[in-house]
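Chemist: I'll drop the sequence and a predicted model, then ask my questions.
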Amino acid sequence: MDEVLSKIFVYLVIVFAAVFHEYGHGFMAYELGDDTAKRHGRLTLNPLAHLDALGTVFIPLFLLFTSGTFIGWAKPVPYNPYFLRDKKYGSLKVALAGPLVNLAIALFLGLILRFSIGYSQSSPDRILEPMTELLSFVVYVNIFLALFNLLPVPPLDGSKIFIDLFPRQSAKIWRWFEGTGFFGIFLALFIAMFFLPTAAHYVFYFITGRTF
């Protein structure tokens, strides 16, 4: 039973991290003059508005309870770049908003872990250890999600940021990725499995002053 509850907790943390991520995109677009997300009912923290039946429910729960791994996605928040007041960097700001929201959550909760009494890793007082572990996991998930989405690989946010920053260089790369079909997704998953955990651990330590 404890294992089931633990997997449900993992699932909920990741889903809510993704919900805040998508809300960040919609909020930034709205602040820049595009109300597409609001008109579609997506400018909300209600998880139901962002759930994708396959990517947020079936696949992640199936993998979590069969193999202990997690792969999933939420419905992308729609926006219209032509409605943004900032025509030059509006799309970049919208793309960057999602990862920044996750990093902000990680920073806020991570600083609680770092400075609150009773949360010191070296402290002999372990009364608050369960809460420490829960907060640590939430911080780590948000760091990992932010880093993953910043990868400059289509269709992740990082690819949109790269396109706006380096339009000439990205044009050829983007066409190449489009020609390779799902290669971009597999490349992102490969990086996520073998490289991002190390990077996420370093960021976690930098924020919290403790190992994960």
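Modeler: It's in.

Chemist: C-alpha from now on. contacts and neighbour counts both.
Modeler: Noted.

Chemist: which secondary structure element contains the residue most central in space within the chain?
Modeler: Centroid-nearest residue in the chain, with CA atoms, centre = their mean: residue 145, separated by 3.0 Å. Using DSSP states H and E, residue 145 maps to helix 129-149.

Chemist: swap in residue 95?
Modeler: Secondary structure (DSSP H and E) places residue 95 in helix 90-115.

Chemist: which elements pack onto that helix?
Modeler: helix 2-31, helix 129-149, helix 157-165, helix 196-208 (3 or more CA pairs under 8 Å, 6 or more residues apart in numbering; DSSP states H and E).

Chemist: surely residue 94 and residue 23 touch.
Modeler: No - with contacts defined as CA atoms under 8 Å, residue 94 does not count as touching residue 23, sitting 10.4 Å away.

Chemist: shaky segments in the protein?
Modeler: 1, 117-128, 168-182 (pLDDT under 70).

Chemist: domains in it, by residue range?
Modeler: 1-85, 86-212 (automatic domain parsing).

Chemist: number of residues surrounding the residue nearest to residue 79 when sequence neighbours are not counted?
Modeler: Leaving aside its sequence neighbours, residue 79 sits nearest to residue 36 (CA to CA, 6 or more residues apart in numbering; 5.3 Å). Using other CA atoms under 10 Å, residue 36 has 19 neighbouring residues.

Chemist: surely residue 36 and residue 81 touch.
Modeler: No - Residue 36 is not in contact with residue 81 according to CA under 8 Å; the separation is 9.9 Å.

Chemist: overlap in contacts of those two?
Modeler: Shared contacts of residue 36 and residue 81 (CA atoms under 8 Å, 6 or more residues apart in numbering): none.

Chemist: what separation is there between residue 48 and residue 75?
Modeler: 10 Å (CA to CA, to the nearest Å).

Chemist: so which of those two has more stuff around it?
Modeler: A count of neighbours by other CA under 10 Å puts residue 75 above the other of residue 48 and residue 75, at 16 against 11.

Chemist: got the contact list for the more buried one?
Modeler: Residue 75 neighbours (CA under 8 Å, 6+ apart): 50-52.

Chemist: so among those, which ones count as buried?
Modeler: When the contacts of residue 75 are checked for burial by 16 or more other CA atoms under 10 Å, the buried set is 50-51.

Chemist: identify, from the contacts of residue 75, the entry nearest to residue 184.
Modeler: Proximity of the contacts of residue 75 to residue 184 (CA to CA) peaks at residue 52, which lies at 20.6 Å.

Chemist: distance check, the closest one against residue 61.
Modeler: Per CA to CA, residue 52 is found 12 Å from residue 61.

Chemist: contact partners for residue 74?
Modeler: Counted by CA under 8 Å, 6+ apart, residue 74 has contacts 15, 18-19, 22, 50-52, 55-56.

Chemist: oh sorry, the question was meant for residue 93
Modeler: residue 28.

Chemist: relative to residue 19, how far out is it?
Modeler: Counting by CA to CA - residue 93 and residue 19 are separated by 18 Å.
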